[in-house]
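# Mind folding the following:
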Amino acid sequence: MLHIAYGKTTAAISTKGGQIVSFKGDNGREVIWQADPAVWDQHAPLLFPVCGSAKDGKVIIEGKTYQMPKHGITRANPQMAVAAKGDDYVDLMLTASDETRAVYPFDFEFHVEYLLFQNGFRTRFTILNRDARPMPMCVGGHPAFVCPMEDGAKFEDYDLVFPCEEDGCVDKVASSGMLSGTEVLPFFHGNTMPLSHAEIDCRDSLLFTSLKSRSVRLVNRNTGTGLTVSFPKMETLAVWSPTAKFADFICLEPWHGTPAYVDESGKFEDKKYVTVLAPGETYVTWFDVTLDA
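Numbers count the residues shown, from 1 in each chain. You can find the predicted model right below:
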């Protein structure tokens, strides 16, 4: 376990899968879900080289079919190397192996860097194509935030508030895990979505793939306090809480990518929001989490 700090703001990061497993702002209160195995045994998985489910659990690369696990190879929490570390940051790295090439046949270098600032942190992804061929990839985060965040509050006291007016339209997740059709959420109004286990838990995920906003605020409507997740380069926001668990957390997941659509070709390079890296090319993206002071 790796520990970093910026003043009173602290975090702990596991080298298994590169997950951030603890984040506390200046008030010392835990923000990251503590992976209760009876509810959900993860903290904040990383998603690469796909986000969500591949078509029929497979991808086609250069005419060959590969089995691709949901959320890719980093979701299985492989051991990652420490590429660099300072008092307030850590950079973890995963490189290709025989195991990764069996499902994703490329030589790559995947970095996740956590950088603390006062009452916040940045998660930055850097993906380098070390192969001699073009390499398609997607990447995303899956952080779970404790909710309610305050003593005496409940999950339903919180709203998700976007800076822009949004239409409340999400892509529908079929039982296969693939996307089929859209739904306008009846409980989304203007720029605000109230949190409700009754509404959220009965849906697999809420996948916003056409947002105008590039940030979202999780806020207690009674106290006005919460946190903001900013994702300037990431096109999809997934919102998830486990089905029928009434869990005390909400996942706010910035993705550069989407699950497969039922009518897509299955070819990796045809996926929505995919980036195809030329040999030697690097892709960088990030998201920030900031607590209200």
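# And the helices in the stretch 151-293 of the chain?
Using DSSP state H, counting those that start in this stretch, the helices found in the stretch 151-293 of the chain span residues 197-200.
# And the strands in it?
158-161, 169-173, 179-184, 192-194, 206-208, 215-220, 226-230, 236-240, 249-256, 275-277, 282-291 (DSSP state E, counting those that start in this stretch).
# The longest one to strand 249-256, inter-axis angle?
What that stands for is strand 282-291. 150 degrees (axes from the mean of the first three to the mean of the last three CA atoms, to 10 degrees).
# What strands line up against strand 282-291, and which way round?
Here strand 282-291 has these sheet partners by DSSP bridges: strand 120-129 (antiparallel), strand 226-230 (antiparallel).
# returning to what we had before: between the strands of the stretch 151-293 of the chain, which gets nearest to Arg122?
strand 282-291 (5.0 Å; CB to CB). Every C-beta, even on glycine, is put in place using the N, C-alpha and C of the backbone.
# Other residues contacting the closest one?
Applying CB atoms under 8 Å, 6 or more residues apart in numbering, the contact partners of strand 282-291 are 23, 25, 31, 119-129, 137, 139, 141, 143, 145, 226-234, 254, 256, 275, 277.
# Just want the angle from that strand to strand 236-240.
Computed by the same axes, to 10 degrees, the angle separating strand 282-291 from strand 236-240 equals 50 degrees.
# Output the below-cut-off pLDDT ranges for the protein.
Residue ranges of the chain with pLDDT under 70: 293.
# residue nearest the centroid of it?
Central residue check for the chain by CA atoms, centre = their mean: the C-alpha nearest the mean position is that of Gly141, 2.1 Å away.
# In this model Glu253 seems to touch it, though I could be wrong.
Yes - taking CB atoms under 8 Å as the definition, Gly141 is a contact partner of Glu253 at 5.9 Å.
# re the thing from before, the strands paired with strand 282-291: which one's closest to Asp56?
strand 120-129 (24.9 Å).
# hmm, back to that, Throw the strands paired with strand 282-291 into CSV and include mean neighbour count and distance to Val161, thanks.
Converted to CSV, the strands paired with strand 282-291 look like this (neighbours: other CB atoms under 10 Å; distance: least, CB to CB, whole Å):
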stretch, mean neighbour count, distance to Val161
strand 120-129, 21, 18
strand 226-230, 21, 9
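# Ok, which of these comes nearest Ala174?
Going by CB to CB, the one of those nearest Ala174 is strand 226-230, 26.4 Å.
# ok, residues contacting the closest one?
Counting by CB under 8 Å, 6+ apart, strand 226-230 makes contact with 31, 143, 145, 149, 158, 214-220, 252, 254, 287-292, all of which sit outside it.
# For Val274, which non-adjacent residue is spatially closest?
Pro136 (5.1 Å; CB to CB, 6 or more residues apart in numbering).
# For the one you found, which three-state class applies?
strand (DSSP: H, G, I helix; E, B strand; the rest coil).
# hey, what's it bridged with?
Counting by DSSP bridges, Pro136 is bridged to Val276.
# Now for it: which residues touch it?
Counting by CB under 8 Å, 6+ apart, Pro136 makes contact with 49, 61, 268-269, 271, 274-277.
# would you list the residues you listed in JSON lines and tack on distance to Phe246 and neighbour count?
Converted to JSON lines, the contacts of Pro136 look like this (distance: CB to CB, whole Å; neighbours: other CB atoms under 10 Å):
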{"residue": "Pro49", "distance to Phe246": "33", "neighbour count": "28"}
{"residue": "Ile61", "distance to Phe246": "40", "neighbour count": "19"}
{"residue": "Phe268", "distance to Phe246": "37", "neighbour count": "23"}
{"residue": "Glu269", "distance to Phe246": "41", "neighbour count": "15"}
{"residue": "Lys271", "distance to Phe246": "33", "neighbour count": "25"}
{"residue": "Val274", "distance to Phe246": "35", "neighbour count": "17"}
{"residue": "Thr275", "distance to Phe246": "37", "neighbour count": "19"}
{"residue": "Val276", "distance to Phe246": "41", "neighbour count": "14"}
{"residue": "Leu277", "distance to Phe246": "41", "neighbour count": "20"}
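# for Val21, what are its contacts?
Applying CB under 8 Å, 6+ apart, the residues near Val21 are 1, 12-14, 32, 34-35, 43-44.
# Ignoring the adjacent residues along the chain, who's closest to Phe125?
In space, Phe125 comes closest to Val139 once its chain neighbours are excluded; the distance is 4.9 Å by CB to CB, 6+ apart.
# need the contact list for the one you found.
Contacts of Val139 (CB under 8 Å, 6+ apart): 46-49, 51, 125, 127, 255-257, 283, 285.
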